[in-house]
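Peer 1: fold the following and give me the result.
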Amino acid sequence: MVSLILACREEQKDQLIADLWERATLGIREEDLPGSECLLHAFFDREDPALAEAFATHRPEWRTHEDRDWVAMFQDAWEPMECGKRILLAPEWREDQVPPGRTRVTIHPGLGYGTGRHQSTRLSLEALEEQLAPGDTVLDLGCGAGILASAALRLGAGRVMACDIDPEAVTAASRNFASDGLEIPAFIGSARSIRSGAFDLVLANINAATISHLAADLRRIARRAVILAGFTDRDRQVLATRLGAAGLEIRREYAMQEWLCTVAAPGGEP
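Peer 2: All right, here's what the predicted structure looks like:
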């Protein structure tokens, strides 16, 4: 058994983990470093020069390990994580008892993007459980693995849909929904393909540039509110200006380290 050690910044970690899962890693261990850097230890059966070349910008280093059941050790170490006041994020192989008052949301590492552990996902879930009203119609825009869509349905949404411009993400999200027994349609597309006023609540955990580009469409399709995440404090002012120009008024902000999540509602005409 060998591990490929990669160095990355905090904001790169989630995407890098997804890339490693897509390359069939057996498991990943995270190691925090001082400052905003961390190391990812991705386990494989054997060394592959092509892997190190693919991640050359992350200072790849191979390490050999003694024989043991590394996959089982990795899975045992991945503890369920409480998020907000009502959610328990748990990987698919864990069968821990769900604490009273919480709802289990299953995560599927290796399928699509995101493990649910990134700050922007956790902030989005916290905002979702506070902003969602029973029976709401919800769109998970840029759904990745579908964690936010799954949580919305588990928390009491009346109808949930998911979309992404990446066909592989939509395939993975659909597989996850089916595995969890959730009826959530997923399609390839963006906000431009949604009719006006189609959803009470729109979730978009993507990035500041894409949110700014889609601001007018977000206002158009959301009847009550949009929950926006995937950006840091340095993007806050520019994003607020773009949202305001599109007719979206910021009503609530959530923060975790440098990461932010914004709840905005349609206001006056843009």
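
Peer 1: shaky segments in the stretch 1-150 of the chain?
Peer 2: 66-78, 109-116 (pLDDT under 70).

Peer 1: how about the strands in it?
Peer 2: Taking DSSP state E, counting those that start in this stretch, the strands of the stretch 1-150 of the chain run over residues 2-9, 27-32, 37-44, 61-64, 81-83, 87-91, 103-107, 137-141.

Peer 1: can you tell me the strand partners of the second one and which way each runs?
Peer 2: With DSSP bridges as the test, strand 27-32 is paired with strand 37-44 (antiparallel).

Peer 1: not counting its own residues, what contacts the strand it pairs with?
Peer 2: Applying Cβ atoms under 8 Å, 6 or more residues apart in numbering, the contact partners of strand 37-44 are 1-10, 13, 16-17, 20, 24-33, 51, 63, 65, 70-71, 74. (Each C-beta comes from the backbone N, C-alpha and C, glycine too.)

Peer 1: hmm, back to that, buried deepest among the strands of the stretch 1-150 of the chain, which one?
Peer 2: Among the strands of the stretch 1-150 of the chain, judged by mean count of other Cβ atoms under 10 Å, the one packed with the most neighbours on average is strand 137-141 (a mean of 26).

Peer 1: how far does that one sit from its chain's centre?
Peer 2: Strand 137-141 sits 14 Å away from the centroid of its parent chain (Cα atoms, centre = their mean, to the nearest Å).

Peer 1: contact partners of it?
Peer 2: When contacts are defined by Cβ under 8 Å, 6+ apart, strand 137-141 is touched by residues 132, 146, 148-149, 152-153, 157-163, 190-191, 194, 198-204, 206, 214, 218, 221.

Peer 1: direction included, what does that strand pair against?
Peer 2: Partners of strand 137-141 in its sheet, by DSSP bridges: strand 159-164 (parallel), strand 199-205 (parallel).

Peer 1: compare those strands and give me the one nearest L128.
Peer 2: Judged by Cβ to Cβ, the one of the strands paired with strand 137-141 that comes nearest to L128 is strand 199-205, at 6.7 Å.

Peer 1: picking up where we left off before, now distance to I250 too, for the strands of the stretch 1-150 of the chain, in JSON lines please.
Peer 2: Formatted as JSON lines, those follow (distance: least, Cβ to Cβ, whole Å):
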{"stretch": "strand 2-9", "distance to I250": "27"}
{"stretch": "strand 27-32", "distance to I250": "31"}
{"stretch": "strand 37-44", "distance to I250": "31"}
{"stretch": "strand 61-64", "distance to I250": "43"}
{"stretch": "strand 81-83", "distance to I250": "23"}
{"stretch": "strand 87-91", "distance to I250": "24"}
{"stretch": "strand 103-107", "distance to I250": "26"}
{"stretch": "strand 137-141", "distance to I250": "18"}
